[in-house]
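below are the sequence and a predicted model for it; my questions follow.
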Amino acid sequence: MNDTLNAILIIAVVAAVTFFTRAVPFILFGGKRRMPEIVRRLAGYLPAGIMAALVVYCVKDDITGSAASAAVSLFAVALTAALHIWKRNSIISILGGTAVYMVLIRLI
Amino acid sequence: METAVALKLAFKKTFPVLCGYLFMGMAFGILLNEAGYGFLWAFFISLFAYSGSMQFVLVEFLISFPSLVTAALTTLLVNARHIFYGLNFTGIFRRMGKAYPYMIFSLTDETYSVNCAMLAAEKDEKYDKCRFFVNLLDHCYWVTGCTAGCLIGELLPFDFTGVEFAMTALFVTIVVEQWLNGKTHFPAVTAVAVSLICLALFGADAFLLPALILISAALTAVSGVEKRKEKKSGSKEDTCGE
C-alpha cells in the first residue's frame, strides 16, 4: 500500500515536471522576450549529456555486478550502437540489442 | 476545415509516428509489466506522464523508488530539450483557445517534429483543427501502445526477463544519433566520465542525482565560456528543426 502511494507520487512528480518543461517557453518567452543565450546553448548540450548519463544509469546494476553480467551488458550496448551506426534505424537497433541481451543472460 | 478532413490529414501526417509509438509504447508496457505493474498503471502513466524517454526512466524509478527530488530533477533534465519546443508555437497554440493547454501538454519530440513540418505551408489558422488532431492522435497511439504492451506482458506466457535492456538500447540509439549528427562530442563524453566517477564514489543506488548535478554544472560552465568567446564573432541561430 505504501509502495502504491509512493508510486503514484513519483508518477505525479514526473507528470508535473514534464508538463512544466513543455510550458516554459509559453510562460516565459511567449511575448517578445528572447531566451537568454546561455540557456539556449545549455539546452543544446544537455540532451546529449543527459542521455549518455542515462545509459550509465541503465547498466549500473550490470556493471557493478558480476564480471559476466558486466560483459553481457557492455557487449549488448556495443552491438546496439554498431547496429545503429550501420542501419540508423532505432527499431532494428533496439530489437536486435534487446534480443541478443535476452538470449545471452539465459546462456551465461 | 471540416472535422473529418482535418482528422484525415492529421492521420496522414502522423502515420510514421503511429508505427514508432506503437512499437516503443509496447516496449514500455512490457517493461512496466515486468516491473510488476498492471495495464491500468500503463494506461494512466502514458495518459498523464506522456513522455517517451522519461517514461522508461520512470519504470526504473517505480522499482527503486528514489526521492521525489531526484525524480523531479531527473525529469527536468531529461526533458530539458522541451524547453525549446514551444518557442515557434507560442502564437499558434495560444489562438487555439480551449485546446491551448493540451497542445502544450502533448508536445512530445515526435509531435513537435510533425508540428514543425506544418509550419512551412500550413501555418494558417484553418489548419489549427488538424494541428489539434495531430497532437491527439499521437497521444492516442502512445497510450494504446503502452497499454497493449502491458497487457501482452500480462497475458503471454513468455519469460520477458532481460527485456529491460530495451530501455538501455533506446538511450544508446539516441546517444549514437546525437553523436553522428552533432558537431561536438564533449557533452556525451563528459557525461559518461562524470557518471562513471559518481557511480564508483556513490554506488549504484545513489549516483544519479550527484552525476546529473555535476554534468549540468559542467555543461553550464562550458556554455558560459563559449558564449563569451562567441560574443566577439557574433552569430545567431534559428530555433526550429532538429
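Cool, the structure landed.

buried sites along the lowest-mean-pLDDT helix or strand in chain A?
Ranked by mean pLDDT, DSSP states H and E, the weakest helix or strand in chain A is helix A:37-63, scoring a mean of 86. Neighbour counts using 16 or more other C-beta atoms under 10 Å in any protein chain shown place A:37, A:39-63 of helix A:37-63 among the buried residues. Every C-beta, even on glycine, is put in place using the N, C-alpha and C of the backbone.

go on, stretch B:66-78?
In stretch B:66-78, the ones that count as buried by 16+ other C-beta under 10 Å are B:66, B:70, B:71, B:72, B:73, B:74, B:75, B:76, B:77, B:78.

now do the same for the most centrally placed residue in chain B: its pLDDT.
With distances taken as C-alpha atoms, centre = their mean, chain B has residue B:52 as the residue nearest its mean C-alpha position (4.0 Å). Confidence at residue B:52, expressed as pLDDT, is 85.

residue B:236 now?
At residue B:236, the model reports a pLDDT of 50.

so where's the longest helix in chain B?
For chain B, the helix reaching the highest residue count under DSSP state H is reported as helix B:3-34.

which elements pack onto the helix or strand just after it?
Note on helix B:3-34: by DSSP states H and E, the next helix or strand toward the C-terminus is helix B:39-48. With contacts defined as 3 or more C-beta pairs under 8 Å, 6 or more residues apart in numbering or on different chains; DSSP states H and E, the packing partners of helix B:39-48 are helix A:2-28, helix B:3-34, helix B:52-64, helix B:128-155.

of those helices, which is nearest residue B:231?
Taking C-beta to C-beta as the measure, these were each checked against residue B:231, and helix A:2-28 came out nearest at 22.7 Å.

now for the closest one, which elements pack on it?
Of the remaining helices and strands, those touching helix A:2-28 by 3+ C-beta pairs under 8 Å, 6+ apart are helix B:39-48, helix B:52-64, helix B:68-78, helix B:82-85, helix B:90-94, helix B:100-105.

can you list the domain ranges for chain B.
B:3-155, B:165-229 (automatic domain parsing).

just the mean pLDDT for the shortest one, thanks.
So that's domain B:165-229. According to the model, domain B:165-229 has a mean pLDDT of 91.

can you give me the end-to-end distance of it?
Here the two ends of domain B:165-229 are set 41 Å apart, with distance taken as C-alpha to C-alpha, to the nearest Å.

SS state for the residue lying closest to residue A:55 once chain neighbours are set aside?
Beyond its immediate neighbours in the sequence, the residue positioned closest to residue A:55 (C-beta to C-beta, 6 or more residues apart in numbering or on different chains) is residue B:171, lying 4.8 Å away. Taking DSSP: H, G, I helix; E, B strand; the rest coil as the rule, one finds residue B:171 in the helix state.

and for residue B:171, the neighbour number?
The number of residues packed around residue B:171, counting by other C-beta atoms under 10 Å in any protein chain shown, is 26.

residue A:50 is in contact with that one, correct?
No. Using C-beta atoms under 8 Å, residue B:171 makes no contact with residue A:50, being 9.4 Å away.
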